[in-house]
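Engineer: this is a predicted model, with the sequence first.
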Amino acid sequence: MSMVSLDLSPLIRPKYTVPTTVKVLDLNGNAISDVSLPQQFLEPVRPDLILRAYISALTARLQPKGTDPMAGKRTTAVSFGTGLGLARVPRVKGSLWPTARLAPNVVKGRRAHPPKVEKILHERINKKERRKAIRSAIAATAIKDLVIARGHIVDKVPQIPLIVSDDFERIGVMADLKKALTSLGLWEDIERVAERIRIRSGKGKMRGRRYKEGKSLLIVVSTTDAPVIKVARNLPGVDAIPVRNLSVLYLAPGGVPGRLTVWTLSAIEELRKGLFMG
């Protein structure tokens, strides 16, 4: 197996070796052939650029929101002026003790700095930087030390990067998927996430996001109609996506590179056509 050395500067100083040729495994974990890795796997890992692309993709999902511009201002209150021994805040007439309105520091007053729809939420990134970040995140999935640093359990995984035959894409039953993942040594990482699912603290539990769960393996297939996509979505922390839909959100959750990833052989061939290059 030939190897190439990668310098993970500027944030990660050590040099890691990435294989240029790896085994292709069947559903039982047996090697059936060899395949050379595409150029994307040899990209220098840039954690700083990956984090920037992740923040850009994350903020692109945010929806602008703001308050009613007239909130807290619909009142007849006026200031009584000086000489009465009262603060000069606007007050509503018609009662023995006029109540203050309009000012931010009074009951039923306006907000001092409400959210505005004009606020820029999306942190933009150049197209070439985004593609380079995706290539860098792809390369990080082939470095075992980075995968372990993310917290994944890879003791029984035959190799990293893990490339399987196209039979994996055609799995349409959960029992078959569990058997294949167990043979490939990946099931322990899914159990790790399942055991750590917890109820969210705070009011978010009443707003459609009651549970928090971590991230387990990422399954990358070649087409959008692969049956394994629908089956894998039932597993905690598992994402299954077509190779053309890859983004830093999937490859480096939280902006941390090195996610445990399963590549099908057809997905590798799609990468070889030049995806995310340039």
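Structural biologist: Arrived safely, thanks for sending.
Engineer: can you give me the helices for the chain?
Structural biologist: Along the chain, counting by DSSP state H, helices occupy 47-59, 127-140, 144-149, 174-183, 187-195, 227-232, 248-251, 265-272.
Engineer: got CSV for these, with distance to Ala77 and mean pLDDT too?
Structural biologist: Just so you know, the C-beta spots here come from the backbone N, C-alpha and C atoms, and that holds for glycine as well. Converted to CSV, the helices of the chain look like this (distance: least, CB to CB, whole Å; pLDDT from 0 to 100):
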stretch, distance to Ala77, mean pLDDT
helix 47-59, 39, 97
helix 127-140, 51, 97
helix 144-149, 59, 95
helix 174-183, 64, 97
helix 187-195, 56, 97
helix 227-232, 59, 96
helix 248-251, 49, 97
helix 265-272, 65, 96
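Engineer: of all these, which lies closest to Pro19?
Structural biologist: Of all the helices of the chain, helix 144-149 sits nearest to Pro19, with 10.2 Å by CB to CB.
Engineer: just list what that closest one packs against, helices and strands only.
Structural biologist: Helices and strands touching helix 144-149, by 3 or more CB pairs under 8 Å, 6 or more residues apart in numbering; DSSP states H and E: there are none.
Engineer: in that helix, what counts as buried?
Structural biologist: For helix 144-149, the neighbour count (16 or more other CB atoms under 10 Å) marks 144, 146-147 as buried.
Engineer: between those, which sits nearest Glu191?
Structural biologist: Of all the buried residues of helix 144-149, Val147 has the smallest distance to Glu191: 16.9 Å, by CB to CB.
Engineer: skip the chain neighbours and tell me the closest residue to that closest one.
Structural biologist: Once flanking residues are discounted, Val147 sits nearest to Gly258: 4.7 Å by CB to CB, 6 or more residues apart in numbering.
Engineer: burial measure for that neighbour, as a count.
Structural biologist: Using other CB atoms under 10 Å, Gly258 has 26 neighbouring residues.
Engineer: got the helices of the chain as a markdown table, with distance to Lys93 columns?
Structural biologist: Shown next, in a markdown table, are those (distance: least, CB to CB, whole Å):
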| stretch | distance to Lys93 |
| --- | --- |
| helix 47-59 | 47 |
| helix 127-140 | 59 |
| helix 144-149 | 67 |
| helix 174-183 | 71 |
| helix 187-195 | 63 |
| helix 227-232 | 66 |
| helix 248-251 | 56 |
| helix 265-272 | 73 |
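Engineer: wait, which of those helices is closest to Gly202?
Structural biologist: For those, the distance to Gly202 is smallest for helix 47-59, at 19.9 Å, taking CB to CB.
Engineer: got the angle for the closest one vs helix 127-140?
Structural biologist: Angle, helix 47-59 to helix 127-140, by axes from the mean of the first three to the mean of the last three CA atoms, to 10 degrees: 110 degrees.
Engineer: let's see helix 47-59 as PDB, backbone CA atoms only.
Structural biologist: C-alpha atoms of helix 47-59 as PDB (Å, rounded to 0.1, in the frame of the first residue of the first chain):
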ATOM      1  CA  PRO A  47      -9.300  23.100  10.000                       C
ATOM      2  CA  ASP A  48      -9.500  26.900   9.900                       C
ATOM      3  CA  LEU A  49     -11.000  26.900   6.400                       C
ATOM      4  CA  ILE A  50     -13.300  24.000   7.300                       C
ATOM      5  CA  LEU A  51     -14.700  25.900  10.300                       C
ATOM      6  CA  ARG A  52     -15.300  29.000   8.200                       C
ATOM      7  CA  ALA A  53     -17.200  27.000   5.500                       C
ATOM      8  CA  TYR A  54     -19.200  25.300   8.300                       C
ATOM      9  CA  ILE A  55     -20.300  28.600   9.800                       C
ATOM     10  CA  SER A  56     -21.200  29.900   6.300                       C
ATOM     11  CA  ALA A  57     -23.300  26.900   5.600                       C
ATOM     12  CA  LEU A  58     -24.900  27.000   9.000                       C
ATOM     13  CA  THR A  59     -25.800  30.700   8.900                       C
END
